[in-house]
Every structure is written in C-alpha cells, then in structure tokens.
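Trainee: coordinates only, sequence not included:
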C-alpha cells in the first residue's frame, strides 16, 4: 500500500529549518527562535507590500478573463441552441415523412381490402343469382 510522502517531506523541511537556525545561532535555542521570528516577519512584510499592486492587476486580469469566458460561453450557447433547433427541424421533417408514408400504406391497404371485399361480394351474389 502506498502512503503519502508529504508528511515525511514536511518533517524533513521543518527539521532542516530548525537545524539551520540553531546552527546560525551557535546552538542557542532562544537566539534561533528570535532569528526565525525576525525572518518570518520580514517575509510577511515583503509579501504584504507586494500585494496591493498585484491586487489591482489581479482584479483587471480577472475581469478580462471573466469577459473572455463569458464570450466563449455565449458563443457555445448560441451554437448549441442553433444545433438543437436544426435537430428539432430535422426530427419534425422525419416525423412528417414517416406519417405520410404510414398514411400511404394505410390507403393502399384500404384500397386492397375494398377491392377484395367487392370481389368477394360479387362472388357471393353470383351464387344466389344476383347481379352485380
């Protein structure tokens, strides 16, 4: 069974970070902690200072990509509706053709039955001496 290696990687990274700060502090844990806190504060301040400029650009990018996605969606929706309308028209035409063919067969059957009935009627009438 395979297990995730992420916990091992995080553990090794944490141990490496702790080892780095302990080594740079000369083995004093309090000094290492202060250095780690200072580095974390510096990284946080740098990250926060870069966000405002990127936030406006990210907003503009999001609006641009949203407009593009909306246009693509509208285009796809229009194509889908056109295809559905075409399919409905084809289905309607097929149904009309099928109905016409069925009615033609029914008419042919009716004519044949009527012709056979007339023939049978004239045959029976001839038995009893009747005319046409």
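Mentor: Perfect, I can see it now. None of the values given here were measured: they were computed from a predicted structure.

Trainee: drop to CA atoms for contacts and neighbour counts, all remaining ones
Mentor: Noted.

Trainee: If you count contacts, what does the helix ranked longest in the chain end up packed against?
Mentor: The helix that spans the most residues within the chain, counting by DSSP state H, is helix 29-127. Counting contacts by 3 or more Cα pairs under 8 Å, 6 or more residues apart in numbering; DSSP states H and E, helix 29-127 is packed against helix 6-24.

Trainee: list the buried ones in the helix it packs on?
Mentor: 21-22 (16 or more other Cα atoms under 10 Å).

Trainee: coming back round to it: just the mean pLDDT for the longest helix of the chain, thanks.
Mentor: Averaging pLDDT along helix 29-127 gives 85.

Trainee: Tell me the gap between it and the middle of its chain.
Mentor: In terms of Cα atoms, centre = their mean, to the nearest Å, the centre of helix 29-127 is set 9 Å apart from its chain centre.

Trainee: And stretch 26-45, by the same measure?
Mentor: That offset, for stretch 26-45, works out to 49 Å (Cα atoms, centre = their mean).

Trainee: Which positions in that stretch come out as buried?
Mentor: 32, 35-36.

Trainee: Tabulate those residues (a markdown table), appending distance to residue 26.
Mentor: Formatted as a markdown table, those follow (distance: Cα to Cα, whole Å):
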| residue | distance to residue 26 |
| --- | --- |
| 32 | 8 |
| 35 | 12 |
| 36 | 14 |
